[in-house]
Structures are given as C-alpha cells and as structure tokens.
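**Q** Could you look at this predicted model? Sequence included:
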Amino acid sequence: MLSMIYLQLLWAFLKVGLFSFGGAYGAIPLIRDIVLSNGWLSDEIFTYFIAVSESTPGPIMVNMATYVGSGQAGFWGAVLATIGVVLPSFVIILAIVSLLGNFIKNKYVQSVLSGIRPCSIGIVFATGLYMVAGNVLPAADAAHFDWQSLLITCILIGALLWLSKNQAQGFLPLALITLSAVMGIALYAL
C-alpha cells in the first residue's frame, strides 16, 4: 500500500509539472485540485502550505511538492513528489536547448507564448482573489467575517503599490513578508 502512495505522488506532481503554465502561482489551482481530490490536505491547511512555501527559500511549486510528499509518505514521498514536479520542465528545457536552439526564436513559438501569457496572468490573479476571499470569509457559510485578514490584505496592497511606485523592487518581497508577519502577530497573537 505504501508503494501506491509513492506512485500517486509521482504521477500527481508529474501532471502539475507538465501542465502548469505561468510559473508557480499559475500552478497553485492545479496543485490545490490534486491535493484536495486525493484528500491529502484540507483547503485551510493548503492555504497554510502556500504561505510556508512562499516564505521559504526555493521555488513555490517545488516547496509545495516537497511538503505534500513529506506529509503523505515521508522522505521518499518528498523526493518523488519533488522529482515529479521538476522532471517535465527539466526534460523540456533540456530538449529545447540541446535539440532546438533556434526553436524559441520561431515566430509561431513566440505567438504561442504571447497567447499563453495573458492566460497565466489571469490564473495568478484569480488565485490571489480566491486566497483573499478564503482568508476574509473562512467559514463555509460566510457568517464569520475576519476583519483582521481584510485589514492585513488592504495594508499589504497599499504597501505593494507604494513600494512599486518608489522603485523599491529589490526589497519588495522581503518587505511584504516581514510586514505581513508583524501584522499577523500584532492582530492575531496579541
């Protein structure tokens, strides 16, 4: 039975790695669908995994695969899930670089990539809206309204706009993570 979970993790994260466009944020809906349909995580725990994956070093997709794999099948589950999520990209990039050096310059390939880009932006935006709504209205009946989450979200959006306007790009992720951690402690722990 344990070997079955290894195959499930490998197969699930191979699909994530193969069908994710738009980077890690574009993969979040696909990862969410897979972990929820397999019963590996609840929706609330999945949201926490996203936060941890964003705040730890490394690509979010790889971190998510490692955490989910580890939680389901220990060390080897983490290894297989991580291999599953990175293997498709590795093979595709290796093939493109070694076999088709001029492939990326092809006008049809550029057209496909230009068509995928807006879709990826939409997926990332929809994921962000879903996560904000899930944090502000965490209860299924929406009777509970979490004003602290709304306040933190509004302040972070304001900080993002201010930092972007003032050309503080290099400090942006670190500043937002630090600000959100301080506000979380101030609003939830105190």
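**A** Sure, I can see it.

**Q** domains of this protein?
**A** Domain segmentation of the chain under automatic domain parsing yields 2-139, 146-190.

**Q** most neighbours per residue, which of the ones you listed?
**A** domain 2-139 (a mean of 16; mean count of other C-beta atoms under 10 Å). Where you see a C-beta, it was placed from the backbone N, CA and C, and this is true even at glycine.

**Q** where in the chain is pLDDT low?
**A** For the chain, applying pLDDT under 70 flags the ranges 1-2, 22-24, 100-101, 138-143, 167-172.

**Q** same for the helix ranked longest in it, what does it pack against?
**A** Using DSSP state H, we find that the single longest helix of the chain is helix 60-99. Applying 3 or more C-beta pairs under 8 Å, 6 or more residues apart in numbering; DSSP states H and E, we find helix 60-99 packed against helix 2-19, helix 23-37, helix 43-55.

**Q** Mind putting these into CSV with distance to Gly184?
**A** Converted to CSV, those look like this (distance: least, C-beta to C-beta, whole Å):
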stretch, distance to Gly184
helix 2-19, 28
helix 23-37, 20
helix 43-55, 10
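
**Q** quick one: which of those helices is nearest Ser111?
**A** In terms of C-beta to C-beta, the element of those nearest to Ser111 is helix 23-37, at 19.3 Å.
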